[in-house]
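Q: Mind looking at a prediction? Sequence and model below.
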There are 2 protein chains.
Amino acid sequence: MAEALSDSGSANAPTIESVRESLIRQEDTIVFGLIERARFPINSPTYSASYAKIPGFTGSLAQFVAHETEALQAKAGRFTSPEENPFFPKDLPASLVPSQNHTGVLHPSAASININKSIWDFYFDKLLALFAVPGDDGNYAATAASDLVCLQALSRRIHYGKFVAEVKFKESPKEYEPAIRAKNRDALMKLLTVESVEEAVKKRVAKKAMVFGQEVTLNSTDGSNGKYKVDPSVLSRLYAEWVMPLTKLVQVEYLLRRLD
Amino acid sequence: MAEALSDSGSANAPTIESVRESLIRQEDTIVFGLIERARFPINSPTYSASYAKIPGFTGSLAQFVAHETEALQAKAGRFTSPEENPFFPKDLPASLVPSQNHTGVLHPSAASININKSIWDFYFDKLLALFAVPGDDGNYAATAASDLVCLQALSRRIHYGKFVAEVKFKESPKEYEPAIRAKNRDALMKLLTVESVEEAVKKRVAKKAMVFGQEVTLNSTDGSNGKYKVDPSVLSRLYAEWVMPLTKLVQVEYLLRRLD
């Protein structure tokens, strides 16, 4: 049972190739999530604490749904997986199901790296308005559930940087050790940045938004006429401004602890 | 705030056209859901009460996750929408958020129609093994969450038959009234069946499985080489054997109550 590699289907230790496959597969999940969230308009009351007024809970409906869903998923054992990082780690209930045998792929300090606060903030403060149309259709509960699917997919993808860093380090430890020992974040960031790869990723996620966000009809190969459910440029921007920089931040944080 | 038409984006009473658009859009949601569930193998412990042994809960992890998720979504107001039907309607908590102004599109007896038991059964007993590969990767909590996304999408689509029946009835009440008064289910089923349309739907959902389930690469238009994340024929079969017959069952049940 290799939790770390559910996406690649391999039960062995991750490789550069299996990690790459997982990252590519997770792009599909993110694009699907955004397309599904785009079914609803912004629905701003979902994000307003003054709308929700839920007895015993301070916060918006989006916060309530995320907090409560994570609590029940914690009971179901979700966060025992090193791939999953909660948005509300405080007071998370313990798992109620038999514990899994997680293969010890990552350095133990990986568990202390959680940048979901940044993910939550860019998602609600910046990203959402780029792909959800203005308006209010009253479907706040479904909207909040849909947001959480996006948030969890983004969190999983960005924190997958832990696995990316581990396989890169394993492949050429000598390349990383000096910068790690010097606690040189800039040097690590430089080692982890391959601009040509980043350009290709930006193009590929935009293409996925075109392919997955088109109107599929029986009569034509592409009935979208250039109209897509989520603007492909939003996907490029999401990856350029947030997903890739934050993944690299996770990698740097992981590498800085890798020799502890 | 027209809950009934969130997908079509219209705030007016549903029309044949807006209902048709919503049904087509919901196909995408279902295909995405199955593709996402197919990331995981079957993971059979998710469905075994003897694996879960959750204190205070009798049932499998899939049942626990669905039951608890519905409870929190009920608090968030999800089931005040006439488009949403719970799998565990017993003891569902009340909504904690301000009530929505639902446009009274449907006949009040619509609320009594809920065939989620049939949906749950065909999903777990028949459908799942058709598109999830055998195996166990230990990700049971994520698997159960993924199943619930599929179940809710299927439930929403099938119970949308209430809206389909309403617009059909409104368009030509005289055509339906004799069969309704005679409580003639067979006659109603015949009126609701248009084989050419059903054939087109089966083809379209298979095409969507090809388009959305392909491997998108930068170099080719279709890098799938005939390999898709979910076999397109499974989508045709899902619609032919379950989605369309059960939608018609909902329509018949609705029409039988329409003159009450």
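A: That came in fine, so what should we check first?

Q: switch to C-alpha atoms for all contacts and neighbour counts from now on
A: OK.

Q: Determine whether any part of the worst-scoring helix or strand of chain A on mean pLDDT lies close to chain B.
A: Here the helix or strand of chain A ranked lowest by mean pLDDT, DSSP states H and E is helix A:49-52, holding a mean of 90. Yes. Contact between helix A:49-52 and chain B, assessed by Cα under 8 Å from any Cα of the partner chain, occurs at A:51-52.

Q: likewise stretch A:136-156?
A: Yes. Applying Cα under 8 Å from any Cα, one finds stretch A:136-156 touching chain B at A:136-142.

Q: From the chain's centroid, how far away is that stretch?
A: Centroid separation between stretch A:136-156 and its chain, computed with Cα atoms, centre = their mean, to the nearest Å, is 13 Å.

Q: Flag every buried residue along that stretch.
A: By 16 or more other Cα atoms under 10 Å in any protein chain shown, the buried positions in stretch A:136-156 come out as A:136-156.

Q: Just the residues contacting it, thanks.
A: By Cα atoms under 8 Å, 6 or more residues apart in numbering or on different chains, the list of residues contacting stretch A:136-156 from outside reads A:26, A:29-30, A:33-34, A:36-37, A:40-46, A:61-62, A:65-66, A:83-85, A:116, A:119-120, A:123, A:243, B:1-3, B:6, B:9, B:11, B:73, B:76-78, B:81, B:100.

Q: Restricting to C-alpha, output that stretch in PDB.
A: Only the C-alpha atoms of stretch A:136-156 are listed here, as PDB (Å, rounded to 0.1, in the frame of the first residue of the first chain):
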ATOM      1  CA  ASP A 136     -25.500  35.000  -7.300                       C
ATOM      2  CA  ASP A 137     -27.600  31.900  -7.900                       C
ATOM      3  CA  GLY A 138     -28.200  31.000  -4.200                       C
ATOM      4  CA  ASN A 139     -26.300  27.600  -4.400                       C
ATOM      5  CA  TYR A 140     -23.900  28.500  -1.600                       C
ATOM      6  CA  ALA A 141     -23.500  25.000  -0.100                       C
ATOM      7  CA  ALA A 142     -22.700  23.400  -3.400                       C
ATOM      8  CA  THR A 143     -20.400  26.400  -4.200                       C
ATOM      9  CA  ALA A 144     -18.500  25.900  -0.900                       C
ATOM     10  CA  ALA A 145     -18.200  22.100  -1.600                       C
ATOM     11  CA  SER A 146     -16.900  22.900  -5.100                       C
ATOM     12  CA  ASP A 147     -14.300  25.400  -3.700                       C
ATOM     13  CA  LEU A 148     -13.000  22.800  -1.300                       C
ATOM     14  CA  VAL A 149     -12.500  20.300  -4.200                       C
ATOM     15  CA  CYS A 150     -10.300  22.900  -5.900                       C
ATOM     16  CA  LEU A 151      -8.500  23.900  -2.700                       C
ATOM     17  CA  GLN A 152      -7.700  20.200  -1.900                       C
ATOM     18  CA  ALA A 153      -6.500  19.600  -5.500                       C
ATOM     19  CA  LEU A 154      -4.200  22.600  -5.400                       C
ATOM     20  CA  SER A 155      -2.900  21.800  -1.900                       C
ATOM     21  CA  ARG A 156      -2.200  18.300  -3.000                       C
END
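
Q: Name the residues that touch the least confident helix or strand of chain A?
A: Contacts to helix A:49-52, defined as Cα under 8 Å, 6+ apart, come from residues A:45-46, A:58-61, B:96-98.

Q: Could you measure from residue A:244 over to chain B?
A: Applying Cα to the nearest Cα, to the nearest Å, the value for residue A:244 to chain B is 18 Å.

Q: For the strand or helix carrying that residue, give the mean pLDDT please.
A: Assigned by DSSP states H and E, residue A:244 belongs to helix A:244-257. In this model, helix A:244-257 has a mean pLDDT of 98.

Q: helices and strands around it, which ones?
A: If contacts are counted by 3 or more Cα pairs under 8 Å, 6 or more residues apart in numbering or on different chains; DSSP states H and E, helix A:244-257 sits against helix A:140-159, helix A:161-171, helix A:173-181, helix A:185-192.

Q: So for it, what gets flagged as buried?
A: So helix A:244-257, judged by 16+ other Cα under 10 Å, has buried residues A:244, A:246-257.

Q: what angle sits between it and helix A:185-192?
A: Interaxial angle of helix A:244-257 relative to helix A:185-192 (axes from the mean of the first three to the mean of the last three Cα atoms, to 10 degrees): 120 degrees.

Q: Hey, what's the angle from helix A:244-257 to helix A:140-159? Just curious.
A: Going by the same axes, to 10 degrees, helix A:244-257 makes 50 degrees with helix A:140-159.

Q: Most distant residue from the centre of chain A?
A: In chain A, the residue that sits farthest from the middle, by Cα atoms, centre = their mean, is residue A:219; the gap is 35.6 Å.

Q: Return the distance of it relative to residue A:98.
A: Distance of residue A:219 to residue A:98, computed by Cα to Cα, to the nearest Å: 51 Å.

Q: what about residue A:40, which SS state?
A: coil (DSSP: H, G, I helix; E, B strand; the rest coil).

Q: Can you give me the neighbour number for it?
A: Counted with other Cα atoms under 10 Å in any protein chain shown, the neighbours of residue A:40 add up to 24.

Q: Torsion angles phi and psi at it?
A: Here is the backbone geometry of residue A:40 (degrees, to the nearest 10): phi -100, psi 150.

Q: check contacts around the nearest residue to residue A:96 once chain neighbours are set aside.
A: Once flanking residues are discounted, residue A:96 sits nearest to residue A:75: 5.0 Å by Cα to Cα, 6 or more residues apart in numbering or on different chains. Residue A:75 makes contacts with A:93-97, as judged by Cα under 8 Å, 6+ apart.

Q: Tell me the one of these nearest residue A:127?
A: When these are ranked by distance to residue A:127 (Cα to Cα), residue A:93 comes first, at 30.0 Å.

Q: what about the stretch 51-200 of chain A, any weak spots by pLDDT?
A: In the predicted model of the stretch 51-200 of chain A, residues A:101-103 satisfy pLDDT under 70.
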